[in-house]
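Q: need coordinates for the following:
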Amino acid sequence: MKDSVKKILDEIRPALQADGGDVELIDVDEKNGVVKVKLVGACQHCPMAAMTLEQGIARALKAKVKGVKEVQAV
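A: Down below sits the predicted model:
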C-alpha cells in the first residue's frame, strides 16, 4: 500500500510544485487505512491547503489506492 501511495503522490507533486509547494508522506497505517502527509512550501500556509488536501490529494488516493479511507495533514 505504501508504494502505491508514493506513486500517486509523485503524480500529484508536479501540480503542487508548480505553485511553490509540495507534499511529504509521513506515514501509512495500512490496518486503519490512514495516510498522513505534510504540506510544505507554499502549500503549508496557503488558505486553500485544506481544499488541496481534501479535493486533490485525498480524493486521488482514495480513488486509486485500495484501502485508503482517510488522509490527514500533520
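
Q: show the end-to-end separation of stretch 49-63, please.
A: Terminal residues of stretch 49-63 are spaced 20 Å apart (C-alpha to C-alpha, to the nearest Å).

Q: may I see the buried residues of the host helix or strand of residue 15?
A: Element membership of residue 15, judged by DSSP states H and E, is helix 2-18. For helix 2-18, the neighbour count (16 or more other C-beta atoms under 10 Å) marks 5, 8-9, 12, 16 as buried. Yep, even glycine has a C-beta here, placed from its N, CA and C like the rest.

Q: skipping adjacent residues, who's closest to residue 16 in space?
A: Using C-beta to C-beta, 6 or more residues apart in numbering and skipping the chain neighbours, the partner closest in space to residue 16 is residue 22 (5.4 Å).

Q: go over the secondary structure and confirm that neighbour is in a helix.
A: No - secondary structure of residue 22 (DSSP: H, G, I helix; E, B strand; the rest coil): strand, not part of a helix.

Q: OK, contacts around the residue most central in space within the chain?
A: Computing the C-alpha centroid of the chain and ranking residues by C-alpha atoms, centre = their mean puts residue 57 first, at 4.2 Å. Shown in contact with residue 57 (C-beta atoms under 8 Å, 6 or more residues apart in numbering): 9, 12, 23, 37, 71.
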